[in-house]
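Trainee: I need the structure of the sequence given here:
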Amino acid sequence: MSTNTTENTIPAGYWKDARGILTPESLIKPVDKERDALVKAIVERAKPLQQALRDFKQDTFADIQALVDLSAEQYGATIGGKKGNVTLYNYDGQFKVQRAMQDRIAFDERIQAAKELIDACVAEWTQGAR
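Mentor: As a prediction, the model looks like this:
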């Protein structure tokens with residue numbers, strides 16, 4: 001028996017598709033097997049690069065923040081928080097580095113309740129209006 005990346009086991013001679021359906025290996029087309037092998041090989045080659053990029057990004061953000069802090073200190077400014085976009089150019093303008101920060105907003109079930117309350121208010125406030 002072989003095991004996929006989850007805790008489920010896949011019986012020998014079967015492949016599990018993206019929907020979780022088991023398919024006998026004999027029914028899988030050769031081109032689908034080749035595609036699967038290629039994708040898995042590419043992902044394995046990308047994993048070390050992913051970690052290297054993660055480390056590079058973390059170090060780069062820290063370096064940029066240190067420069068922003070130094071600049072603020074030299075001008076006697078107080079900067080609130082670590083968020084904000086920054087664009088840095090090298091002296092001759094040949095290279096540009098941008099730090100773009102984005103807040104990630106996630107909504108849960110409470111957004112639906114808030115929408116209902118807002119809709120009720122709007123309906124009340126606009127009652128009789130054209």
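
Trainee: Neighbouring strands of the helix or strand harbouring residue 97 in the sheet, and parallel or not?
Mentor: Residue 97 belongs to strand 96-99 when assigned by DSSP states H and E. Strand 96-99 has the following strand partners under DSSP bridges: strand 86-89 (antiparallel).

Trainee: For the strand it pairs with, C-alpha coordinates in PDB please.
Mentor: Output in PDB follows, covering the C-alpha atoms of strand 86-89 (Å, rounded to 0.1, in the frame of the first residue of the first chain):
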ATOM      1  CA  VAL A  86       8.200  51.700   0.700                       C
ATOM      2  CA  THR A  87      10.100  52.100  -2.600                       C
ATOM      3  CA  LEU A  88      13.900  52.300  -2.500                       C
ATOM      4  CA  TYR A  89      16.100  53.300  -5.400                       C
END
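
Trainee: residues making contact with it?
Mentor: Here strand 86-89 makes contact (CB atoms under 8 Å, 6 or more residues apart in numbering) with 64, 67-68, 95-99. To be clear about C-beta, it is placed using only N, CA and C from the backbone, and glycine gets the same treatment.

Trainee: which of those residues are buried?
Mentor: Buried members of those, counted by 16 or more other CB atoms under 10 Å: 68, 99.

Trainee: okay, the contacts of strand 86-89 in JSON lines with pLDDT and distance to residue 111 next?
Mentor: Converted to JSON lines, the contacts of strand 86-89 look like this (pLDDT from 0 to 100; distance: CB to CB, whole Å):
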{"residue": "64", "pLDDT": "91", "distance to residue 111": "34"}
{"residue": "67", "pLDDT": "90", "distance to residue 111": "38"}
{"residue": "68", "pLDDT": "88", "distance to residue 111": "34"}
{"residue": "95", "pLDDT": "93", "distance to residue 111": "42"}
{"residue": "96", "pLDDT": "94", "distance to residue 111": "38"}
{"residue": "97", "pLDDT": "92", "distance to residue 111": "36"}
{"residue": "98", "pLDDT": "90", "distance to residue 111": "31"}
{"residue": "99", "pLDDT": "89", "distance to residue 111": "30"}
